[in-house]
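Asks: My questions concern the predicted model and sequence given below.
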Amino acid sequence: MSTSDPHDPFAAPAGGDGGSDAQPGQPQGQQPGTPPAGQPQGEPPYGAPTQPGAPYGAPQYGAPPYGAPQYGAPQYGAPYGSPEAGASPYGAPQPGQEPYGQAPYGQQQYGQPYGQPYGAYGGPQYGAPYGQAYGSTEKNDLGVWALVLGLASFVLSCLFVTGIPAIIVGRKGQRAADEGRATNRGMATAGVVLGWVAVGLSLATAALLGVLAALGVFTSTGYSSYSY
Amino acid sequence: MSSVPSREARGSADAPALPVPGVRRAAPWWSAPSAVAGAVVVGLGLLLARDPHVPGSWGACPSLLLTGLACPACGALRATADLLHGDLAAAWASNPLWVGLVPVLVVAWCLWALRRRAALASRLPPAVGVVGLVVLVGFGVLRNLPATGGALGP
């Protein structure tokens, strides 16, 4: 993570890891070390690196499409943003994130080149990565869903069925919180933990049932009806 | 200054992506919906091949074994197999919540696929999950109450 001078936003690229010669407009220069490699399903129109500068970015900044977002930043939020996308752009920074360290460059680069997360949870962040300040709640959905899925895995006896999605969604929520696009990192973490506990219990149960089956318990009449 | 390009001009799934290091090319719109559909079809095939009504055919439910209580999902496999055979009454008797949820899931999948095709994002509000969790717990409680008399299965 970048630890450069918090008062000098232009010092951020030089201070970022691997970004010693990075220009502000090059997104790959300041990745925080966790490239979301598990998101191959980026939504084409928004995530594809061909567009970000095109429609709204000021053309006078020239051809490089990656350099445009930070200049045209505020406009990006408007066309796609759902109501909460711009809900609290200046909300309280999440403890544990660096409010100033990556100052004006960090936002646009996170998430933008990688596009949308997978599937149904990708909604509200469309316009957001460009203009959002830290503490945005646009991706708080992820944390809530992770917690819901984690709890559901304990309501249902087939633990892993929702436990594994809880882990996946929770990790996305944690990442979003680290990037300042969610404020409920605790909920996401709870979902991840519950998901792992559920998967572990599932494995233990499977092993136990395997042993019981090997001992022939299920062939006896007493337990013969406990099917799914 | 050029005019603002239209939505179509800004790219589709087939638009050539610039070679940016570390950025994978976007998958086509149908990849995720068809993956889900394929997984469901495989699962249904397994259910046809191995009847869940046979005791122990799909293992045993640990919570039912340990507590004797039917969790909200109890009977879902049997209900799905009954639906595959067109026996709606038997499916309803096994797990009415699941039988009611199946058409919702089918419609949701269709909407999701259509929206992906149109390059629109789908958003499932977290309130749906919270309400669903409450419904799940309530259903699990109700079906275990003697007052319901096993009307909620399994």
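Replies: Looks like it came in fine. Numbering: from 1, shown residues only, chains lettered A, B, ... in the order given.
Asks: check contacts around A:Ala146.
Replies: A:Ala166, A:Val169, A:Gly170, A:Lys172, A:Gly173, A:Met187, A:Ala188, A:Ala190, A:Gly191, A:Val192, A:Gly195 (CB atoms under 8 Å, 6 or more residues apart in numbering or on different chains). To be clear about C-beta, it is placed using only N, CA and C from the backbone, and glycine gets the same treatment.
Asks: The first one - how many residues pack around it?
Replies: When you say that, I think you mean A:Ala166. Taking other CB atoms under 10 Å in any protein chain shown as the criterion, the count of residues near A:Ala166 is 31.
Asks: what's near enough to touch it?
Replies: Here A:Ala166 is in contact with A:Ala146, A:Leu147, A:Leu149, A:Gly150, A:Ala152, A:Ser153, A:Gly191, A:Val192, A:Leu194, A:Gly195, A:Ala198 (CB under 8 Å, 6+ apart).
Asks: What's the local residue count around the fifth one?
Replies: Number of residues near A:Ala152 (other CB under 10 Å) recorded here: 24.
Asks: The fourth one too?
Replies: Neighbour count of A:Gly150, defined by other CB under 10 Å: 28.
Asks: Now it: phi and psi?
Replies: The phi and psi values for A:Gly150, taken as degrees, to the nearest 10, are phi -60, psi -40.
Asks: so where's the longest helix in the chain?
Replies: Defaulting to chain A. Longest helix of chain A, by residue count under DSSP state H: helix A:185-214.
Asks: ah, I was thinking of chain B
Replies: With DSSP H setting the assignment, residue counts place helix B:96-117 as the longest helix in chain B.
Asks: Give me the below-cutoff pLDDT ranges for chain B.
Replies: Flagging of chain B using pLDDT under 70 yields the residue ranges B:1-24.
Asks: could you pull out the helices for it?
Replies: B:31-49, B:62-67, B:76-84, B:88-94, B:96-117, B:126-144.
Asks: Looking at the ones you listed, which is nearest to A:Glu138?
Replies: Between A:Glu138 and the helices of chain B, the shortest separation by CB to CB is 12.6 Å, and it involves helix B:126-144.
Asks: could you give the angle of that closest one to helix B:96-117?
Replies: Relative orientation of helix B:126-144 with respect to helix B:96-117: 160 degrees, computed using axes from the mean of the first three to the mean of the last three CA atoms, to 10 degrees.
Asks: what residue is smack in the middle of chain B?
Replies: Residue closest to the mean C-alpha point of chain B, counted by CA atoms, centre = their mean, is B:Leu105 at 5.4 Å.
Asks: Just the residues contacting stretch B:141-154, thanks.
Replies: By CB under 8 Å, 6+ apart, the surrounding residues in contact with stretch B:141-154 are B:69-70, B:72, B:74-75, B:78-79, B:92-97, B:139.
Asks: Downstream of the helix or strand harbouring A:Phe154, the next helix or strand is which one?
Replies: When secondary structure is defined by DSSP states H and E, A:Phe154 falls within helix A:140-155. Heading C-terminal from helix A:140-155, the first helix or strand you meet, by DSSP H and E, is helix A:159-178.
Asks: Give the rounded mean pLDDT of that next one.
Replies: Along helix A:159-178, the predicted confidence averages to a pLDDT of 91.
Asks: So which of the helices of chain B is the most surrounded?
Replies: Comparing those on average neighbours per residue, with mean count of other CB atoms under 10 Å in any protein chain shown, the densest one is helix B:76-84 at a mean of 22.
Asks: Please see if that one touches chain A.
Replies: Yes - Helix B:76-84 lies within reach of chain A by CB under 8 Å from any CB of the partner chain, at B:Ala76, B:Leu77, B:Arg78.
Asks: Could you list the buried residues of stretch A:173-190?
Replies: Of all the residues in stretch A:173-190, those buried under the rule 16 or more other CB atoms under 10 Å in any protein chain shown are A:173-185, A:187-190.
Asks: is it anywhere near chain B?
Replies: No - using CB under 8 Å from any CB, stretch A:173-190 stays clear of chain B, coming no nearer than 9.7 Å.
Asks: got the end-to-end distance for that stretch?
Replies: With CA to CA, to the nearest Å as the measure, stretch A:173-190 spans 11 Å from end to end.
Asks: again with stretch B:114-127
Replies: 23 Å.
Asks: what separates that stretch from the chain centre, distance-wise?
Replies: Its chain's C-alpha centre and that of stretch B:114-127 lie 15 Å apart, by CA atoms, centre = their mean, to the nearest Å.
Asks: And for the residue of chain B found nearest chain A, the neighbour number?
Replies: As assessed by CB to the nearest CB, chain A sits closest to B:Arg123 within chain B, at 2.5 Å. Neighbourhood size, B:Arg123 [other CB under 10 Å]: 18.
Asks: Would you mind confirming that it is in contact with A:Asp141?
Replies: Yes - using CB atoms under 8 Å, B:Arg123 makes contact with A:Asp141 at a distance of 7.1 Å.
Asks: Next, work out how far apart A:Trp196 and A:Gly186 are.
Replies: According to CB to CB, to the nearest Å, A:Trp196 and A:Gly186 sit 16 Å apart.
Asks: before we move on, what about A:Gly180?
Replies: When distance is defined by CB to CB, A:Gly180 is 15 Å away from A:Gly186.
Asks: sorry, back to before: which of the helices of chain B sits closest to A:Val211?
Replies: Short answer: helix B:62-67, nearest of the helices of chain B by CB to CB, at 12.5 Å.
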